[in-house]
Every structure is written in C-alpha cells, then in structure tokens.
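> Kindly return the folded structure for what I paste below:
(one chain, ligands or ions: 1)
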Amino acid sequence: MASTVATTIAAKIRIEDILTRMERYRPDLDEDLLRHAYVFAANRHQGQARRSGEPYFTHPLAVAWILAEMELDEETVAAGLLHDLVEDTPTTAEEIEIAFGPEVARLVVALTKMADFESSYSSREATEAENFRRLLLASMDDVRVILIKLADRLHNMRTLNYLHRDRQIAIARETLEIYAPIANRLGIGTIKTEMEDLCFRYLHPKEAERLEQEIEERREAADRWFAEIRVILEDLLAQNSIEGSVHGRVKHLYSIFEKLRRQGVDVANVFDFLAFRIIVSSVADCYATLGLIHQQWAPVPGRLKDHVAIPKPNAYQSLHTTVIGPEGHPFEIQIRTREMHTIAEFGIAAHWSYKEKGSHAPAEDSRVAWLRSVLEHSEGSSPREFLDLSRWISIRTTCTASRLAAMSFPFPAPPLFSILPTAFTLRSATPASAVVSTVAGYL
Ligand code: MN
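This is a model prediction of the structure:
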C-alpha cells in the first residue's frame, strides 16, 4: 500500500469500487445501505471543498475505501461515508438515525464528539491528551469508532501537502505520537507503517529525502543480490516439500531511519533496508523453514525472535531472524503463516471481519483491554501524565506477555530511569540486555 499509489486511487474512488471490494468478503452485502449513505453524504457535502480544491466528498469516500480495504462491515463503511456530516453540515444525529438506524448513528456521533472540542484547548499537549482520551472512551463502546478515526486520520495525512507548514507539523506530530501507536497497539501494521512514513516526510523532510535517495542509489546492486537469495530460498522450500511464497521487500522508510539512528550506522554499510518474508501454510512449516535457513546461513546471535510461541501484545506473530548472507551481508527474514500475515496487516480489523455480523464483543479482545486499562488508570492525571501513562501501560503489558514478570507501576507513571532498575531486580536471572530491549522496543 504505497502512499503515492493509494493517493491516486483514493482520488478516483467511486461507490462502485467500494461495493465490488466489499462483495469479495461479504457475499450477502447490504448494498442499499451503502448506496443510500453515498447519495445522502454526497448531497449534504455538495458545494464544500477540500483545501486541495477537490469536492469535499472525495474525503469521506476515501475513508470508506480504506475501511473496505480493511474488510470491515457495512455499518462501519457507511459511517465512514457519513462521518463528517454532523460536524461539518447542518445534518443532525437524529436525521442519521432515522435514515440509517441507531448503530450507524452511534458511530457517527462518537466521531463527532471527538472532533467537537479540538479548537477549545490551547496547548498541544492538552489537545493531544484529550483527543487520546476521547478515542479510548469511544473504544469502550465500540472499537469500530477507532478504526474509522484511524482511516480518517490516514487520509488527512495523505492529503496533508495542501495545508500550511505549521499545521502539517502539528498534525504529523500528533499522528506519530498518538494515532500510529494506537494503530500499532491494535495490530494494524498497514496503517501504522503508512502513517509513520508520511509523518517522517513532514517532520524530517531532509532526512527522508536523503534516505530515499541513498536507497535508490543502492537499489540495483541490492536487487541483484536479492534475486540470488530468493532463488536459494525458493529452492530450499521446494527441495523440502514446503509450500510457501518468498517476498523480498524494502522496509518502510521510518523503520530504516529509526534503526540507523539507533545503531549509529550509515545506510551505505548495509543491505539492511531490504528484508525477506516467507509465508507458509502451517506453524510446523514456520519452524522447519527457520531450521533450513539457519543451516544455509549462519544466524546472527541474539537476533532470533520467536513471536509465534510468544505473540506480541498486539497479537502479532512471526519468526524473525537475521542471517549472514552471501558476501557477508546480514539480512532479516520473517516467517509466518497466511493467517498470521493477515493479522499482522489488519490486526483487530481482521478480527472484526471474521466475526458474525452483530456480535460485537470488543471487551474480550486483549488489544482493546489495553486501551481500557489506560483509561482506568488515568483518573485525575494531567495531560502529560496521561500521555506518559499510555506508554507505561504498554510496557507493562509487554513484560507480562513476555512472561518476564508482572510489573505494576505506581501511578502516575514514574520517569523511565527510575523504573529500569525495578525491571532488573524483578528477574535478576534475565539478561539485562533482554529486559532493556524489550522495554525500549515498546517506548
Ligand atoms: Mn474526516
């Protein structure tokens, strides 16, 4: 889902595209509801324009398309089409309820409440904290509200180039601090990744451009080297009768930037921006493939991560390893099943699409439980404390999930360095570096 491609597609989205896409995963699609929402919203937004000069309605249409790509239900996609009506037109919540029923109306009202207050707060921190709090509150009733909000924010990020530079920075910063982490926490890799790359381009335009250029310069050599490895991997699978597909990919820009910054190395030294992903059909095949790879190339010590046996708190599963490839270049390989792949890309949204229509039980999902726990611990905290809190709770969940130790922090959250020694003492047998990297990985 490259952003440039997505932008071009979004600009030309028609309701027919959305219906066709949805019919692929919902054979008994309620087309009438969606056509009705389309006509209704198009009429009400008539005459309004986006900053880009395009008709305003291109925006809700693009949001609905993103939701359809995530394979969400009719009510969610319809609410995507209608999401800005109560906020930006004279349309009332009652009208929406009469036309589309209480479920769609509830989603639209929840989104409107979130948008309502934005201008009433003066400091950025207060605004962000309040935005976040409202998102969490809405999730208590229905996690689909967050999914629509994420799609809304993603499309606003894709079209951010039409805004003034100050606004671009403010919106990109908020997206990187709040929305991308929420997408990550809900396991929606596609949205998290695209948001991070878009934010990176607005917040660090020079670095982003330089990095892209450097990757482009090495592209040809890397591609040749990669083609060679792909053949070896495909042969390995075939010779051992493992059914699977091998995908080479360029890691996303922001993750390369973070990694280079963390390790203090230059992109010139590594083919690290390229990685392989192997998708196989069973868990047993994941481990078998890993074994074959480690016999082919020496693994880099400490880089093997078994997220299959121990899923990340956002339910992500995969085996990760880094091996020393031909010519001594290390490269990363991820191995997962098709189902794990869907969950890695769509997270809680994938979970939704598997559910029977009408059976909404967000509270049972551990990914939503995290959001709930942030809210429960936030009573009376200041905006800054509240934002910090979300990070602390994320660490606590990580540690619990990794079976390191159930750490509970006094609230409001303590500063980072006062907590690290606690982590060490809790489990002195655990190598210190493992604890640090687990904690740091979720900050
Ligand atoms: Mn919107």
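> Count the neighbours of the one residue in the stretch 1-150 of the chain that gets nearest to the ion for me.
With CB to the ion as the measure, Asp84 is the residue of the stretch 1-150 of the chain nearest to the ion, at 4.5 Å. All C-beta atoms are positioned from the backbone trio N, CA, C, and that covers glycine. Neighbourhood size, Asp84 [other CB atoms under 10 Å]: 24.
> What secondary structure category should be reported for the closest residue to it other than its chain neighbours?
Leaving aside its sequence neighbours, Asp84 sits nearest to Pro60 (CB to CB, 6 or more residues apart in numbering; 5.9 Å). Three-state call for Pro60 (DSSP: H, G, I helix; E, B strand; the rest coil): helix.
> Touching, Pro60 and Ala79? I think so.
No: contact criterion CB atoms under 8 Å: Pro60 and Ala79 do not qualify, at 9.7 Å.
> residues touching the residue of the stretch 1-150 of the chain closest to the ion, list them.
Each residue near Asp84 by CB atoms under 8 Å, 6 or more residues apart in numbering is listed here: 45, 56, 59-60, 115.
> dump the residue contacts of the residue nearest in space to the middle of the chain.
In the chain, the residue lying closest to the centroid (CA atoms, centre = their mean) is Lys192, at 2.7 Å. Contacts for Lys192 (CB under 8 Å, 6+ apart) come out as 180-181, 183-184.
> Can you pull the residues of the chain lying near the ion?
Residues of the chain found near the ion, taking CB under 5 Å from the ion as the criterion, are 84, 152.
> Which residue ranges of the chain form strands?
In the chain, the strands defined using DSSP state E lie at 244-250, 274-280, 305-306, 319-324, 330-337.
> Adding mean neighbour count, write these out as TSV.
Formatted as TSV, the strands of the chain follow (neighbours: other CB atoms under 10 Å):
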stretch	mean neighbour count
strand 244-250	15
strand 274-280	21
strand 305-306	15
strand 319-324	18
strand 330-337	21
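> quick one on the thing from earlier: and the pLDDT at the residue nearest to the residue nearest to the centre of the chain when sequence neighbours are not counted?
Once flanking residues are discounted, Lys192 sits nearest to Ala183: 4.0 Å by CB to CB, 6+ apart. The model reports Ala183 with a pLDDT of 89.
> Leu319 contacts Val283, doesn't it?
No: look at Leu319 against Val283 with CB under 8 Å: they stay out of range, at 9.7 Å.
> Find the residues that touch each one of those two.
Counting by CB under 8 Å, 6+ apart, the residues touching both Leu319 and Val283 are Val308.
> just the helices in the stretch 151-300 of the chain please.
Remark: helices assigned in the stretch 151-300 of the chain by DSSP state H, counting those that start in this stretch are 165-174, 180-185, 189-203, 205-239, 253-263, 283-296.
> deepest of the ones you listed, which one?
Among the helices of the stretch 151-300 of the chain, helix 180-185 has the highest mean neighbour count (mean count of other CB atoms under 10 Å), at a mean of 24.
> Looking at Pro60 and Ala79, which is more packed in?
The neighbour count for Pro60 versus Ala79, taken as other CB under 10 Å, is higher for Ala79 (32 against 26).
> Need the nearest residue in space to that one, chain neighbours excluded.
Per CB to CB, 6+ apart, closest to Ala79 is Leu107, 3.8 Å.
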